[in-house]
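just the structure for this:
(chains A and B, ligands or ions: 5)
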Amino acid sequence: MAKKKLKAHHIDRDWCKGCGICVHFCPKNVLELDDLDKAFAARPEDCIACKLCEIRCPDFAIEIETE
Amino acid sequence: MAVKDYIRQRFLPHMWCPGCGHGTVLNSLLRAVERLGMSKNEIVMVSGIGCSSRISGYVDFHTLHTLHGRALAFATGVKLSKPELNVIVPMGDGDALAIGGNHFIHACRRNIDMTAIVMNNRIYGMTGGQFSPMSGVGIHATTAPYANIDRDFDVVEMALAAGATFVARSTVYHAQQATDLIKQAILHEGFSVVEILSQCPTHFGRKNKQGAAADMMAHYKDITVPVGSKKKAANPELIERGIFVQKDAPEYCQEYDKIMQQAMKG
Ligand SMILES: Cc1ncc(C[n+]2csc(CCOP(=O)(O)OP(=O)(O)O)c2C)c(N)n1
Ligand code: SF4
Ligand code: SF4
Ligand code: SF4
Ligand SMILES: [Mg+2]
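Ligands and ions are numbered 1, 2, ... in the order given. This is a model prediction of the structure:
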């Protein structure tokens, strides 16, 4: 099976509580917290669509859409 | 069905603090249900009281939010009357092993077909950070300002000794493994116990200077090893993750059914 390619990061700003778990464990350092402590994809081009952020997020706030 | 379709989205964002491990347990649990392709109507979630027990409010299954420590007793009633349903019982460490300890060991002994999930953050989160039977020696809590002197339980050993027929452990750091273990526990016919080490950054983390939620999660990577790892022999302090027992034994509802048939024959 070919590796899935990233299409988009979907981050729900109402649900994200800025805990930083996704930022801390992203193996490619793609994510950051903005001034309001909401996660965003600062370097989406580096994302390998591993979904580790999505499966560990306690708030269902980040979803990785693949092609 | 997508994972999010199993959530009562109208109640989100949920009440758990930022970085509370209980949200990740819910995440892992819903992925297990999704992988099994289960419908919402074939699952009953029964919980007691605690931050962990609030989980039943967020899932779009049949749900019961009951009394502190008594979730397994309510769940037993549900399962006996509707054995065709899948019963899942998430509990806090205090809920399952302090006030609910007796219910817990006897549910293990009966081998009734349900899935107990112990969301172990080693503290009473909801009531402000009192120590629980899972806190252990040296831990600081509201009720142990000079450090706790009570020894802790090992819930895996206790479940094994009490007769549970599926016993496993993982952590919120190991979310993929947690999903896989919960999936197997749901499929198991008998009483299954899955302990998931979770974090309470608000009370346990703060009182024990364990840093941010992500640091507490990362700590679970450092202090655990797969079952049977050689590292455990060298360092007995390490906590094992994986499946500890998976065996067949007469299941309670089926045995009860046999008794009913016998009684009806007169
Ligand atoms: C019969 C009864 N006794 C005590 C309480 C108070 N109480 C509510 S939650 C709780 C403990 C919660 O700890 P735990 O089960 O570990 O769940 P957590 O909040 O850590 O997820 C206690 C003692 C109660 N609600 N009912
Ligand atoms: S893990 Fe989830 S809640 Fe936490 S910062 Fe990332 S998206 Fe937000
Ligand atoms: S999918 Fe993987 S690489 Fe991409 S942002 Fe999430 S954790 Fe980082
Ligand atoms: S008090 Fe602790 S257990 Fe309760 S929601 Fe907050 S972090 Fe989670
Ligand atoms: Mg607790």
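
wouldn't B:A116 be in contact with B:V89 here?
Yes - between B:A116 and B:V89 there is a contact under C-beta atoms under 8 Å: 4.9 Å. Any C-beta I mention is one placed from the backbone N, CA and C, and that applies to glycine too.

by proximity to ligand 1, which residue of chain A wins?
A:P58 (12.9 Å; C-beta to the nearest ligand atom).

typo on my end, it should be the stretch 51-200 of chain B
For the stretch 51-200 of chain B, C-beta to the nearest ligand atom, closest residue to ligand 1: B:G92, 2.4 Å.

quick check: phi and psi at that residue.
phi -80, psi 170 (degrees, to the nearest 10).

let me know how buried it is, in neighbour terms.
Residues near B:G92, counting by other C-beta atoms under 10 Å in any protein chain shown, number 35.

tell me what it is bridged to.
Per DSSP bridges, residues listed as beta-bridge partners of B:G92: B:M119.

and B:T115, what is it in contact with?
B:86-89, B:182, B:185-186, B:188, B:192, B:194 (C-beta atoms under 8 Å, 6 or more residues apart in numbering or on different chains).

ok, back up a step: now the common contact residues for B:A116 and B:V89.
Common neighbours of B:A116 and B:V89 (C-beta under 8 Å, 6+ apart) are B:L72.

more neighbours: which of these two?
Counted by other C-beta under 10 Å, B:A116 and B:V89 do not tie: B:V89 has more neighbours, with 33 against 29.

isn't there a helix covering that one?
No - applying DSSP: H, G, I helix; E, B strand; the rest coil, one finds B:V89 to be strand, outside a helix.

so it makes contact with B:M45?
Yes - B:V89 is within contact range of B:M45, at 7.5 Å (criterion: C-beta under 8 Å).

ok, and what's touching stretch B:204-211?
B:121-123, B:125, B:129, B:135, B:139-142, B:199, B:201, B:212-213, B:216, B:219.

which of these are buried, as a ChimeraX select command?
Buried members of those, defined by 16 or more other C-beta atoms under 10 Å in any protein chain shown, are picked up in ChimeraX with:
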select /B:121,122,123,125,129,135,139,140,141,199,201,212,213,216,219
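
of the contacts of stretch B:204-211, closest to ligand 3?
B:A213 (16.0 Å).

pLDDT wise, what is that closest one at?
B:A213 is assigned a predicted lDDT (pLDDT) of 98.

for it, give its distance to ligand 1.
15 Å (C-beta to the nearest ligand atom, to the nearest Å).

name the nearest residue to that residue, sequence neighbours excluded.
B:G19 (2.5 Å; C-beta to C-beta, 6 or more residues apart in numbering or on different chains).

now A:R13
A:K38 is the one closest to A:R13 (C-beta to C-beta, 6+ apart), at 5.0 Å.

which stretches of the stretch 51-200 of chain B form helices?
Secondary structure of the stretch 51-200 of chain B (DSSP state H, counting those that start in this stretch): helices at B:71-81, B:93-94, B:101-110, B:155-162, B:175-187.

how many neighbours does the closest residue to the residue of chain A closest to ligand 1 other than its chain neighbours have?
Of all residues not flanking A:P58 in the chain, B:G23 sits nearest, at 2.5 Å (C-beta to C-beta, 6+ apart). The local packing of B:G23 (other C-beta under 10 Å) involves 30 other residues.

B:G23 should be in a helix, yeah?
Yes - with three-state DSSP as the criterion, B:G23 is part of a helix.

pLDDT wise, what is it at?
Reported pLDDT for B:G23: 98.

now do the contacts for it.
A:57-60, B:14, B:16.

name the member of those residues with the most neighbours.
Neighbour-wise, these (other C-beta under 10 Å) top out at A:P58, 28 neighbours.

doesn't B:C17 make contact with that one?
No - A:P58 sits out of contact with B:C17 when judged by C-beta under 8 Å, with a separation of 9.1 Å.

common neighbours of those two, please.
A:K17.

give me the pLDDT value at the nearest residue to A:L33 once chain neighbours are set aside.
Computed as C-beta to C-beta, 6+ apart, the closest residue to A:L33 that is not its neighbour in sequence is A:G18, at 5.5 Å. At A:G18, the predicted lDDT confidence score is 98.

gap between A:G18 and A:D34?
Going from A:G18 to A:D34 by C-beta to C-beta, to the nearest Å gives 9 Å.

compare these two (neighbour count), which wins?
Set A:G18 next to A:D34 and count neighbours by other C-beta under 10 Å: A:G18 wins out with 16 against 13.
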